[in-house]
Each structure stands twice: as structure tokens, then as C-alpha cells.
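**Student:** the sequence and its predicted three-dimensional model are supplied below.
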Amino acid sequence: MVRVPVEGMWAFLVALALGAGAIALWLAIRFDQFAPRGFGRALFHAGLALAIGWLAVPAGIAAVIAAGAGSVVAVFTTAFPALIYMFLAGLWVVKHAQELLLHR
């Protein structure tokens with residue numbers, strides 16, 4: 001097992017989150033036609049994203065590692081897409097909340 005310094009781990013996690021956020025922002029802008037059309041649906045996606053991150057990601061990481069892949073492969077095949085979806089759902093909620101507040 002390779003020991004990674006704590007500073008290196010935090011740098012990786014920050015880079016992972018920034019990358020997921022950048023991809024989510026690009027998806028939200030580029031593919032706006034696929035965004036949910038209502039605030040309730042956006043909230044549903046946010047809840048679903050949180051549930052996926054809370055329940056499916058740990059099980060997915062464990063399954064990928066049990067299949068013989070490394071931990072970096074497990075993170076990029078399970079946690080990274082879930083982070084992208086979480087950020088994307090958050091952007092959708094903010095967008096619809098802003099629309100609701102501006103159209104009063």
C-alpha cells in the first residue's frame with residue numbers, strides 16, 4: 001500500500017472537486033435543454049444526487065476495489081461522476097430558485 005502525505009491527499013480532493021464542478025458548470029451551460037423544467041424537479045435531482053453519493057458511491061468503490069482495480073480507478077469510476085451530478089443538480093436548484101425570486 002502506498003502512503004500518500006496528507007497534503008497530497010487534500011490537493012487531490014480539491015482538484016477532484018474543482019474538476020467535477022467545472023464539468024458540471026459546462027454541462028449546465030452547454031446542455032441547458034436537458035435541465036429539469038421546474039423547481040420541484042430540480043430539488044428531486046438534488047435529493048437523488050445526495051442519495052447516490054451517500055448510498056451508491058461507497059458500495060461502488062468497494063465493488064471496484066474488490067474486482068481488483070486500484071483506488072484511483074474506483075474514485076474516478078464512482079465518486080467523480082457522482083460529484084459531477086451533485087454539482088449539476090445544485091446548479092439547477094440555484095437556477096430555478098433565482099428564477100422564482102426574480103419573477104415575483
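**Tutor:** Yep, that arrived.

**Student:** center of this protein, which residue is that?
**Tutor:** Most central in the chain under Cα atoms, centre = their mean is Leu83, positioned 1.6 Å from the mean C-alpha point.

**Student:** got a list of what that one touches?
**Tutor:** Counting by Cβ atoms under 8 Å, 6 or more residues apart in numbering, Leu83 makes contact with Leu16, Ala17, Ala20, Gly21, Gly53. Placement of C-beta: from N, CA and C, glycine included.

**Student:** mind doing that once more with 7 Å?
**Tutor:** By Cβ atoms under 7 Å, 6 or more residues apart in numbering, the residues touching Leu83 are Leu16, Ala17, Ala20.

**Student:** just checking, next helix/strand downstream of the one helix or strand the first one maps to?
**Tutor:** What it means is Leu16. Here Leu16 is covered by helix 6-30, with elements defined by DSSP states H and E. Sequence-wise, the next helix or strand beyond helix 6-30 is helix 39-51, with elements assigned using DSSP H and E.
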